[in-house]
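**Q** need coordinates for the following:
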Amino acid sequence: MNTQVSREPFGTLDDGTRIDRWTLETGRGPGALRVAVLTYGGIVQRIEAPDRDGKPAQLALGFADLASYVAHGGSYFGALVGRYANRIAGASFPLDGTSYRLTANDGRNTLHGGARNFSQAVWAAQEVEDGLELHRTSPDGEEGFPGALEVRVRYTLEAGVGGGALRIAYRARTDAPTVVNLTNHTYLNLGGDGSGSATGHELRLAASGYTPVDGTGIPVPGGPVEVAGTRFDFRTARPVDGAYDHNFALDGGTTAVPCPVAELHDPRSGRVLELSTTEPGLQLYTADHLDGSLTGTSGFPYGPAAGIALETQHFPDSPHRPDFPSTVLRPGESYRSETVYAFSVRPRRDGDG
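**A** Down below sits the predicted model:
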């Protein structure tokens with residue numbers, strides 16, 4: 001086993017349930033990658049990786065204590081999101097001739113699986129080779145979704161030059177037809193948590209299209225729209241400018257193994273995130289709801305765009321859109337999804353901070 005794995009208490013919920021923090025490390029030196037995961041919400045609480053000078057920093061937005069995660073769960077810092085990431089219009093969906101009513105928690109829509117979603121659940125945990133596996137069974141009818149859904153999520157590390165890689169692998173099975181769309185909601189600031197706005201980060205996406213949305217975040221009729229000539233064109237790397245909360249249709253679609261889809265680079269620190277996934281979509285969210293009222297692990301308040309979320313997933317509102325990649329899961333089938341976050345560094349260029 002190349003990854004060192006440890007466990008420690010992280011706090012107790014009001015009902016007395018103990019929450020643990022599991023720490024995964026590729027080594028003990030300054031060039032190691034370290035990731036901390038909570039059994040509450042499957043939350044990625046910390047990601048530490050070195051800059052171009054070998055100095056490590058905490059890159060994931062989050063809190064230093066359990067009470068803050070419980071009180072401010074609506075920000076989804078680092079959370080494992082499900083049963084359905086993103087939005088389902090009207091808090092209901094049809095499947096096999098039956099209409100299923102869900103919990104509305106985003107106006108009239110369902111967001112990230114409802115009011116009591118996976119980000120607030122307590123997960124069973126066990127050590128596996130090079131990391132950690134979380135497990136829970138979402139009971140039939142939870143937040144209105146049909147079928148008992150058994151979910152396993154593995155967080156494993158791989159060593160690499162200038163950092164390493166975090167792989168998140170999702171698996172699920174159901175005993176009745178249902179819909180599933182899982183993701184992780186980590187916000188990253190490659191300059192370090194509390195270093196200010198991440199809008200100077202340079203982003204490249206392998207996406208020629210995106211899904212325009214209405215005022216409630218639901219995709220409008222029609223397929224993905226070409227990004228060419230719009231502010232959504234990140235096919236060539238450029239700084240993230242302005243506010244985004246949009247799904248991009250990845251050029252490779254759904255794949256059997258993770259394929260490169262995005263690169264995020266912070267010119268000041270030299271840190272680079274290369275993102276690979278099996279998913280057909282990616283939600284770019286610049287966290288513009290943050291207003292300085294929340295304080296992170298750094299001790300500094302989070303303002304708008306304090307971090308950038310790159311949420312690999314299927315498209316929003318797919319249960320109402322037969323033209324989108326399907327999110328239906330049936331008994332006997334296995335839901336499988338993987339995303340790899342590979343961290344490295346880039347040498348200083350003229351003009352870098």
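**Q** quick one: pLDDT of Val5?
**A** We have a pLDDT of 97 for Val5.
**Q** what helix or strand is it located in?
**A** Secondary structure from DSSP states H and E places Val5 in strand 4-12.
**Q** now do the contacts for Pro316.
**A** When contacts are counted by Cβ atoms under 8 Å, 6 or more residues apart in numbering, Pro316 touches Asn86, Arg87, Ile88, Thr211, Val213, Gly217, Ile218, Pro219, Asn247, Gln283. C-betas here are computed from N, CA, C, even on glycine.
**Q** could you do Ala172 as well?
**A** With contacts defined as Cβ under 8 Å, 6+ apart, the neighbours of Ala172 are Leu149, Glu150, Val151, Arg152, Val180, Leu182, Leu329, Ser334, Tyr335.
**Q** before we move on, back to that, can you give me the buried ones in the strand holding Val5?
**A** For strand 4-12, burial by neighbour count (16 or more other Cβ atoms under 10 Å) applies to Val5, Phe10, Gly11.
**Q** go on, stretch 74-87?
**A** Neighbour-count burial for stretch 74-87, with 16+ other Cβ under 10 Å as criterion, is recorded at 75-87.
**Q** restricted to helices, list these.
**A** Using DSSP state H, the subset of these located in helices is empty.
**Q** picking that back up, other SSEs contacting the helix or strand just after the strand holding Val5?
**A** Downstream of strand 4-12, the next assigned helix or strand under DSSP H and E is strand 18-25. Here strand 18-25 is seen to pack against strand 4-12, strand 34-38, strand 124-128, strand 131-138, strand 149-160 when contacts are counted using 3 or more Cβ pairs under 8 Å, 6 or more residues apart in numbering; DSSP states H and E.
**Q** again, only this time at 10 Å
**A** Counting contacts by 3 or more Cβ pairs under 10 Å, 6 or more residues apart in numbering; DSSP states H and E, strand 18-25 is packed against strand 4-12, strand 34-38, strand 44-50, helix 66-71, strand 124-128, strand 131-138, strand 149-160, strand 163-174.
**Q** who does it pair up with?
**A** Strand 18-25 sits in its sheet next to strand 4-12 (antiparallel), strand 34-38 (antiparallel), going by DSSP bridges.
**Q** quick one, the shortest one and strand 131-138 angle?
**A** Put simply, strand 34-38 runs at 20 degrees to strand 131-138, going by axes from the mean of the first three to the mean of the last three Cα atoms, to 10 degrees.
**Q** please save the CA atoms from strand 34-38 in PDB.
**A** Below are the C-alpha coordinates for strand 34-38, written out as PDB (Å, rounded to 0.1, in the frame of the first residue of the first chain):
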ATOM      1  CA  ARG A  34      -2.800  14.900   1.600                       C
ATOM      2  CA  VAL A  35      -6.500  14.600   1.500                       C
ATOM      3  CA  ALA A  36      -8.900  14.500   4.500                       C
ATOM      4  CA  VAL A  37     -12.400  13.000   4.200                       C
ATOM      5  CA  LEU A  38     -15.200  13.100   6.800                       C
END
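**Q** Gly107 is nearest to which of the helices and strands packed on strand 18-25?
**A** helix 66-71 (21.9 Å; Cβ to Cβ).
**Q** flag the shaky bits of the chain, pLDDT-wise.
**A** Applying pLDDT under 70 to the chain flags residues 1, 161-162, 350-353.
**Q** what residues sit buried inside stretch 168-183?
**A** Neighbour-count burial for stretch 168-183, counted by 16+ other Cβ under 10 Å, picks out 168-174, 178-183.
**Q** which ones are touching Thr278?
**A** Contacts for Thr278 (Cβ atoms under 10 Å, 6 or more residues apart in numbering) come out as 169-170, 252-259, 261, 312, 336-340.
**Q** of the residues you listed, buried ones?
**A** Here, 16+ other Cβ under 10 Å leaves Ala169, Tyr170, Pro258, Cys259, Val261, Thr312, Ser337, Glu338, Thr339, Val340 buried among the contacts of Thr278.
**Q** go through these and name the one nearest Arg108.
**A** Checking the buried ones among the contacts of Thr278 against Arg108 by Cβ to Cβ gives Thr312 as the nearest, at 26.4 Å.
**Q** can I take it that the closest one is in a strand?
**A** Yes. Remark: Thr312 belongs to a strand, assigned using DSSP: H, G, I helix; E, B strand; the rest coil.
**Q** from Gly292, how far out is it?
**A** Remark: distance between Thr312 and Gly292 (Cβ to Cβ, to the nearest Å) = 29 Å.
**Q** got it, and Pro139?
**A** Distance, Pro139 to Gly292, by Cβ to Cβ: 39 Å.
**Q** next: Glu8.
**A** Going from Glu8 to Gly292 by Cβ to Cβ gives 30 Å.
**Q** and if you look at Ser298?
**A** Taking Cβ to Cβ as the criterion, Ser298 is separated from Gly292 by 13 Å.
**Q** cool, and Gly332?
**A** Taking Cβ to Cβ, one finds Gly332 at 50 Å from Gly292.
**Q** then Gln313?
**A** Counting by Cβ to Cβ, the gap from Gln313 to Gly292 is 28 Å.
**Q** which of those two has more residues huddled nearby?
**A** A direct count of neighbours by other Cβ atoms under 10 Å for Gln313 and Gly292 places Gln313 higher, at 26 against 11.
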